[in-house]
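Asks: Fold the following for me, if possible:
(chains A and B)
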Amino acid sequence: AQSVSQHNHHVILSEAASLELGCNYSYGGTVNLFWYVQYPGQHLQLLLKYFSGDPLVKGIKGFEAEFIKSKFSFNLRKPSVQWSDTAEYFCAGDSGGYQKVTFGTGTKLQVIP
Amino acid sequence: DAGITQSPRHKVTETGTPVTLRCHQTENHRYMYWYRQDPGHGLRLIHYSYGVKDTDKGEVSDGYSVSRSKTEDFLLTLESATSSQTSVYFCAIGGTGVNYGYTFGSGTRLTVV
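Replies: Numbers count the residues shown, from 1 in each chain, chains lettered A, B, ... in the order given. Next up is the predicted model:
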């Protein structure tokens, strides 16, 4: 079955530290990958997406992700986190068609001032 | 986000009663989805729609039904609410082309007592 997995459930960083959140997928063939962010008490918002082309994708708020096909990975990175990045981050993927997206279980990021 | 609204935002209901949640969009998108969010499970797809009167089941559809009689409205019904359906429910609309990806509503927090 198609799936997306996130192995880090809870990450705590100090402000200005670098961030990398792991995401692995199990889709065969064409895959579209996404990272969403959910700030406390809010709905999910799209950070960035990958469809094809350049494997390094840049999103909003200074986030980027790299698609590595050989590793089935799509890790999210940010060089220097801020307290306002405290949120839950969800990796997601689909194989096209009707856009049925499968979500990972999420990673809670806590940034300490 | 503007363009997609959910109602109600909060609801408390008793076990065994039917409940209907509403999702309304003004974007004229073909694809609409209902997800539930639970700690440790991320988001799980309940039902989705790819057009008026065209719906299909997701991975956790038991106990839920949906209807879409107009492009703009997608209703989720809990036929006989149970405590296991206590959750936060998110509606999403799926864009196409350069807007590919989900836009989420603000969610409905449902408590079944």
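Asks: Off-centre distance for the helix or strand of chain A with the lowest mean pLDDT?
Replies: Least confident helix or strand, chain A: strand A:102-103 with a mean of 90, by mean pLDDT, DSSP states H and E. Its chain's C-alpha centre and that of strand A:102-103 lie 11 Å apart, by Cα atoms, centre = their mean, to the nearest Å.
Asks: Quick check: residue B:90 touching residue B:45?
Replies: No - using Cβ atoms under 8 Å, residue B:90 makes no contact with residue B:45, being 10.4 Å away. C-beta: built from backbone N, CA, C; applies to glycine.
Asks: related to what we said a few turns ago, so in that sheet, which strands flank the least confident helix or strand of chain A, and in what orientation?
Replies: Partners of strand A:102-103 in the sheet, by DSSP bridges, are strand A:87-94 (antiparallel).
Asks: what about the partner strand, average pLDDT?
Replies: Averaged across strand A:87-94, pLDDT comes to 94.
Asks: heading toward the C-terminus, what's the first helix or strand past the least confident helix or strand of chain A?
Replies: Heading C-terminal from strand A:102-103, the first helix or strand you meet, by DSSP states H and E, is strand A:107-112.
Asks: which strands and helices sit next to that following strand?
Replies: strand A:10-14, strand A:19-21, strand A:87-94 (3 or more Cβ pairs under 8 Å, 6 or more residues apart in numbering or on different chains; DSSP states H and E).
Asks: Excluding sequence neighbours, find me the nearest residue to residue 66.
Replies: Went with chain A since none was named. residue A:56 (5.2 Å; Cβ to Cβ, 6 or more residues apart in numbering or on different chains).
Asks: Not quite, go with chain B.
Replies: Nearest to residue B:66 is residue B:47, by Cβ to Cβ, 6+ apart, at 4.2 Å.
Asks: Which helix or strand contains the one you found?
Replies: Residue B:47 belongs to strand B:42-51, assigned by DSSP H and E.
Asks: Right, I'll call it a day here.
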